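Student: coordinates only, no sequence provided:
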């Protein structure tokens, strides 16, 4: 798994590539935890290149939501592949975390 993390105007933009499962989740959570600053108001995560996610990966998203909420920040997801989106829908995580078509749409949702 690969992560690219950028900060734009108090928003972390994270691009994830690869699988999110038991073999990668610890690195994923550690990288996100280290990147979050108390100045951040949101994190947008682009999952367009995530090829697989299981329940271990879903738990990592829940932990990220909790971490961000402690700082009054939000998590937004974007560009999910059909298979990853289906996992979020079946697990009802799409009712917990906003999902957008693109990074631009996620950014726009934060500005108004």
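Tutor: Received, thanks. This one's a predicted model, so the numbers in the text were calculated from it and none came from an experiment.

Student: which helix is the longest one in this structure?
Tutor: What stands out as the longest helix in the chain, according to DSSP state H, is helix 55-69.

Student: quick one, longest strand in this structure?
Tutor: For the chain, the strand with the greatest residue count under DSSP state E is strand 42-53.

Student: partner strands of it, with direction?
Tutor: Strand pairing for strand 42-53, using DSSP bridges, gives strand 11-20 (parallel), strand 74-78 (parallel).

Student: pick the most deeply packed of those.
Tutor: strand 74-78 (a mean of 22; mean count of other Cβ atoms under 10 Å). C-beta coordinates here come from the backbone N, C-alpha and C atoms, glycine included.

Student: contact partners of the next helix or strand after that one?
Tutor: Counting by DSSP states H and E, the next helix or strand C-terminal to strand 74-78 is helix 82-90. If you take Cβ atoms under 8 Å, 6 or more residues apart in numbering as the criterion, helix 82-90 is touched by 47, 50, 52, 53, 54, 58, 77, 80, 93, 94, 97, 99.

Student: distance of the last one relative to residue 26?
Tutor: When you say that, I think you mean residue 99. Distance of residue 99 to residue 26, given as Cβ to Cβ, to the nearest Å: 24 Å.

Student: same check on the second one?
Tutor: Between residue 50 and residue 26 the distance, using Cβ to Cβ, works out to 16 Å.

Student: so the two - more neighbours on which side?
Tutor: residue 50 (23 against 11; other Cβ atoms under 10 Å).

Student: quick one: low-confidence parts of the chain?
Tutor: 112 (pLDDT under 70).

Student: point to the residue nearest the middle of it.
Tutor: Nearest residue to the geometric centre of the chain (Cα atoms, centre = their mean): residue 45, 3.8 Å.

Student: for that one, what are its contacts?
Tutor: Counting by Cβ under 8 Å, 6+ apart, residue 45 has contacts 14, 15, 16, 75, 76, 77, 78.

Student: go on, residue 29?
Tutor: 60, 63, 64.
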